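# Sequence first, predicted coordinates after that:
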Amino acid sequence: MSALPVVLKFGGAVLRSPEGFIAMAQRLREYGRTAPMVVVISAFGRVTQALEAIARTAQVGQVEEALEAASQLVYQHREYGAQLLCSGEQGRMVDYLARSALRLKEYVQGIAITGELTPRTLDLIRAFGEAWALELTAAFLREQGFRITTLDATELICTDTNHGMAQPLLKETARNVEACLRPLICPGSIVLTQGFVARSVRGEITTMGQESSSLTAVLLAALIGAEEVHFWTDVAGVRVCDPAIVPDAALVAQLSYEQAARVARAGLRLLYPRMVELAEQRGLRLYIRSAFAPGAGQTVVSASPGMITPLIVSRERVWLWRLLPTELSTELRLHPVDGSTLLARWEDGQHVWMVTSSDISLPLSAEEGSMITLLYTTPQQVSDLLSLCARFLRDGISLRLCPGEHLQCFVPERAHALLVESFWHALYSEASLCTKLSEAAS
């Protein structure tokens with residue numbers, strides 16, 4: 001009986017350094033030569049945001065600045081390739097980037113001439129990041145001795161025409177997978193593709209929203225009959241708060257689909273609402289581990305519930321909107337299926353307030369900051385944290401509490417780490433735990 005295929009996803013946080021590429025190769029070798037593998041990769045760290053900035057710079061007429069930024073971005077990938085590759089593959093990568101740079105230049109000049117940046121054109125610009133990453137990753141793996149087949153995701157994933165937040169169409173995608181991907185799956189095979197990008201029913205390039213490379217991985221796993229998806233990141237599983245801020249943050253070893261969906265809707269970047277929903281429908285197990293330290297712990301998402309303690313979910317680069325009801329109805333396009341896009345919403349009688357991810361772009365003024373959401377807290381813990389928020393306000397730290405089911409606050413980027421660490425200390429520090437035990441004993 002042949003081994004079931006397994007789907008692996010390596011994100012931009014891993015592939016942004018040569019050490020990450022080496023770690024990826026090590027992890028692939030550990031799977032052996034029997035199980036077929038489908039490997040999904042993302043654009044390198046911050047490349048998508050840089051491409052969006054280039055497009056918007058061109059839109060306002062600053063064509064020279066946009067072209068210079070585009071040239072610099074291509075140069076960075078060329079230099080990265082020089083670090084990773086030897087002569088043969090490096091030469092092919094240089095040629096590919098040169099051709100790609102010409103196409104990008106044409107798009108940028110077109111935007112500058114018309115002064116228009118349509119969602120369709122923005123998707124064409126965004127797609128360069130994944131294409132560059134796919135080519136460079138394929139070249140690196142070939143040099144490492146892997147026998148791989150590269151398959152462009154735009155030939156696999158079919159979506160609707162909602163550019164920027166496109167929804168995958170299962171029936172059409174399944175047909176593409178059977179025709180293009182299924183014949184490549186055999187013992188020991190490695191098929192490499194990219195996430196985030198797709199092609200609409202009209203044949204146009206689309207993108208599926210922030211973090212949707214994870215959705216690509218789960219979607220392909222569901223359609224090829226895999227039982228597991230392994231997400232290799234730069235952190236060892238889901239933690240009770242951001243380990244980049246609190247290195248001692250404890251591991252959350254197990255999450256049920258319902259628990260994972262709740263955390264995803266709060267904005268945790270390791271998870272994605274649509275991906276969790278599809279995984280539950282197909283009974284897929286999801287594993288989240290560090291590519292750099294595979295033995296440092298993992299989070300498993302499955303039908304089995306986990307023992308949940310309070311979680312501090314933080315999301316940087318979000319927008320706070322204050323809109324009139326008329327602006328809400330005419331300007332904002334939100335999709336309920338993508339829970340991570342809309343992080344909070346409330347009304348004050350005159351205005352509608354919302355916190356959204358940066359997927360949403362409106363021709364209206366907004367405040368940029370970070371969102372912190374507290375999940376699985378007791379009423380007493382919420383009361384303690386509200387007192388802490390009041391102290392921050394007295395100390396002159398601006399924060400806005402968001403009415404809703406959970407304790408949520410929108411804070412300036414500069415205060416993000418301070419508040420996360422303070423909340424963690426309030427919930428998990430030894431002194432805090434001792435106080436709680438003392439109160440319980442009395």
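Looks like it came in fine. Numbering: from 1, shown residues only.
# got the buried residues for the strand ranked longest in the chain?
The strand that spans the most residues within the chain, counting by DSSP state E, is strand 311-323. Buried residues in strand 311-323, counted by 16 or more other C-beta atoms under 10 Å: 311-315, 318-321, 323. For glycine as for every other residue, the C-beta is placed from the backbone atoms N, C-alpha and C.
# go on, stretch 242-261?
For stretch 242-261, by 16+ other C-beta under 10 Å, it's 242-243, 245-246, 249, 251-252, 254-257, 259-261.
# For the stretch 1-150 of the chain, give me the ranges with low pLDDT.
Scanning the stretch 1-150 of the chain for pLDDT under 70 picks out the ranges 1-2.
# Which parts of the stretch 51-200 of the chain are helices?
With helices called from DSSP state H, counting those that start in this stretch, the stretch 51-200 of the chain shows them at 63-84, 87-114, 119-143, 170-176.
# so of these, which one's packed in deepest?
Of the helices of the stretch 51-200 of the chain, the one with the most neighbours on average (mean count of other C-beta atoms under 10 Å) is helix 119-143, at a mean of 22.
# from the buried residues of strand 311-323, which two are the most distant?
Maximum pairwise distance among the buried residues of strand 311-323 (C-beta to C-beta): 29.3 Å, between L311 and L323.
# how far away is G349 from L97?
Distance of G349 to L97, given as C-beta to C-beta, to the nearest Å: 54 Å.
# ditto for I288
32 Å.
# So what are the sheet partners of the longest strand of the chain and their directions?
In the sheet, strand 311-323 lines up against strand 352-357 (antiparallel), strand 367-375 (antiparallel) (DSSP bridges).
# beta partners of the nearest residue to T356 once chain neighbours are set aside?
Take T356 and drop its neighbours on the chain: the residue closest to it by C-beta to C-beta, 6 or more residues apart in numbering is W319, 5.2 Å away. Legend: beta-bridge partners of W319 under DSSP bridges are T356, E368.
# Pretty sure W319 sits against A366.
Yes: look at W319 against A366 with C-beta atoms under 8 Å: they come within range, at 4.3 Å.
# Out of the strands paired with strand 311-323, which gets the lowest mean score?
Of all those, the minimum mean pLDDT falls on strand 352-357 (a mean of 85).
# That one: which residues count as buried?
352-357.
# what does that strand rub up against?
For strand 352-357, contacts defined as C-beta atoms under 8 Å, 6 or more residues apart in numbering pick out 210, 267, 315, 317-325, 328, 332, 334, 340-347, 371, 402, 408, 410.
# Now, of those residues, which are buried?
Among those, those classed as buried by neighbour count (16+ other C-beta under 10 Å) are 210, 267, 315, 318-321, 323, 328, 332, 340-345, 371, 402, 408, 410.
# And the residue nearest the centre of this protein?
Centroid-nearest residue in the chain, with C-alpha atoms, centre = their mean: E211, separated by 2.3 Å.
# my guess is that one is in a strand, correct?
No: counting by DSSP: H, G, I helix; E, B strand; the rest coil, E211 falls outside a strand, being coil.
# In contact with the closest residue to it other than its chain neighbours, which residues?
Leaving aside its chain neighbours, E211 sits nearest to Y272 (4.8 Å; criterion: C-beta to C-beta, 6+ apart). By C-beta under 8 Å, 6+ apart, Y272 lies in contact with 211-212, 214-215, 264, 340.
# Which residue in those has the weakest pLDDT?
Within the contacts of Y272, lowest confidence goes to S340 (46).
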